[in-house]
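>>> Need coordinates for the below:
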Amino acid sequence: MCGIVAAVSNRNIVDVLVQGLQRLEYRGYDSCGVAVHDGGLKRARSTARVAELASQVQQDLIQGQTGIAHTRWATHGVPAVHNAHPHFSHGPGANASEKPGRIALVHNGIIENHEELRQSLSAKGYVFLSQTDTEVITHLVDSHYNGDLFEAVKATLPQLHGAYAIAVFARDEPNRVVGARAGSPMVLGVGNGGQEHFVASDAMALAGVTDQIVYLEEGDMVDLQLGKYWVFDKNAKALSKAERDRKSVV
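Residues are numbered from 1 along each chain as shown. Next up is the predicted model:
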């Protein structure tokens with residue numbers, strides 16, 4: 001069991017992400033991390049508790065208006081910094097591990113066919129720096145990415161066998177986070193009068209920063225952008241405002 005929190009805002013969102021992790025630390029404390037869009041992808045990860053991560057992000061001057069964060073209960077791969085989320089995509093190509101990633105992702109759940117997917121992606125030139133099933137999802141999203149993050153995630157999900165709640169952002173699309181859930185919980189939060197949006201493993205992570213919570217159902221996807229959001233059902237049908245409101249609590 002792991003904890004996820006992600007945000008798209010018009011302000012520096014790092015403190016909100018870290019505070020959300022502190023409320024989710026009961027879901028996992030083997031490692032933790034945060035990644036933001038600061039013109040590219042930047043992250044901090046730690047095998048210590050979230051309080052140590054808070055000090056690290058201040059020291060590393062990590063700031064951004066779009067970001068994802070994670071606290072981990074290890075399943076695949078020992079507790080170690082290289083196995084900590086968020087994961088970045090690497091590859092394909094020579095020296096791929098040295099290139100800046102273009103996809104950042106956090107995940108709660110277990111992907112049962114990760115070894116099969118890992119072999120396929122390795123054959124395409126993707127470089128794996130961890131033992132996690134989550135890095136497989138990250139590379140898989142990258143392999144489908146052609147400038148539209150939502151479409152890349154939508155193409156990825158049918159290939160995943162198992163349980164997941166994921167939050168993803170892309171280097172080339174500032175102010176956008178895509179989330180999806182199947183078998184693992186996720187909520188959507190609306191804050192600052194509709195100007196910022198969040199996803200998290202549970203509503204407690206968003207206490208004090210949201211005006212409205214939308215409870216996502218099995219198979220739902222979300223597309224969060226600055227000042228707006230969309231919810232899609234398991235058939236990729238966009239829900240109307242009235243349908244979204246039926247899922248929400250103010």
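>>> hey, let's count contacts and neighbours off CA atoms from now on
OK.
>>> which residue packs closest to the most centrally placed residue in the chain, ignoring adjacent ones?
In the chain, the residue lying closest to the centroid (C-alpha atoms, centre = their mean) is residue 167, at 2.4 Å. Spatially, and ignoring its direct neighbours in sequence, residue 167 is nearest to residue 179 (4.4 Å; C-alpha to C-alpha, 6 or more residues apart in numbering).
>>> Tell me what that neighbour is bridged to.
residue 167, residue 222 (DSSP bridges).
>>> Just the helices from this protein, written as ranges.
Secondary structure of the chain by DSSP state H: the helices cover 14-24, 50-59, 114-123, 133-144, 149-156, 241-246.
>>> Give me whichever of these is most buried.
Per-stretch averages of neighbours, counted by mean count of other C-alpha atoms under 10 Å, single out helix 133-144 among the helices of the chain, with a mean of 25.
>>> For that helix, which outside residues touch it?
Identification of contacts with helix 133-144 by C-alpha atoms under 8 Å, 6 or more residues apart in numbering yields 76, 87-90, 102-107, 110-111, 114-115, 117-118, 121, 126, 128, 151-153, 155-156, 160.
>>> For that helix, give the mean pLDDT please.
Mean per-residue pLDDT for helix 133-144: 95.
>>> Just want the angle from it to helix 149-156.
Orientation of helix 133-144 against helix 149-156 (axes from the mean of the first three to the mean of the last three C-alpha atoms, to 10 degrees) gives an angle of 110 degrees.
>>> can you give me the angle helix 133-144 makes with helix 114-123?
Interaxial angle, helix 133-144 versus helix 114-123 (the same axes, to 10 degrees): 40 degrees.
>>> just to revisit the earlier point, figure out which of the helices of the chain is closest to residue 185.
The closest of the helices of the chain to residue 185 is helix 14-24. By C-alpha to C-alpha, the value is 12.7 Å.
>>> Please save the CA atoms from the closest one in PDB.
This file holds the C-alpha atoms of helix 14-24, laid out as PDB (Å, rounded to 0.1, in the frame of the first residue of the first chain):
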ATOM      1  CA  VAL A  14       5.600  21.600  -3.300                       C
ATOM      2  CA  ASP A  15       4.600  22.400   0.300                       C
ATOM      3  CA  VAL A  16       1.000  21.100  -0.400                       C
ATOM      4  CA  LEU A  17       2.500  17.900  -1.900                       C
ATOM      5  CA  VAL A  18       4.800  17.300   1.100                       C
ATOM      6  CA  GLN A  19       2.100  18.000   3.600                       C
ATOM      7  CA  GLY A  20      -0.200  15.600   1.800                       C
ATOM      8  CA  LEU A  21       2.500  12.900   2.000                       C
ATOM      9  CA  GLN A  22       2.700  13.500   5.800                       C
ATOM     10  CA  ARG A  23      -1.000  12.700   6.100                       C
ATOM     11  CA  LEU A  24      -0.500   9.600   3.900                       C
END
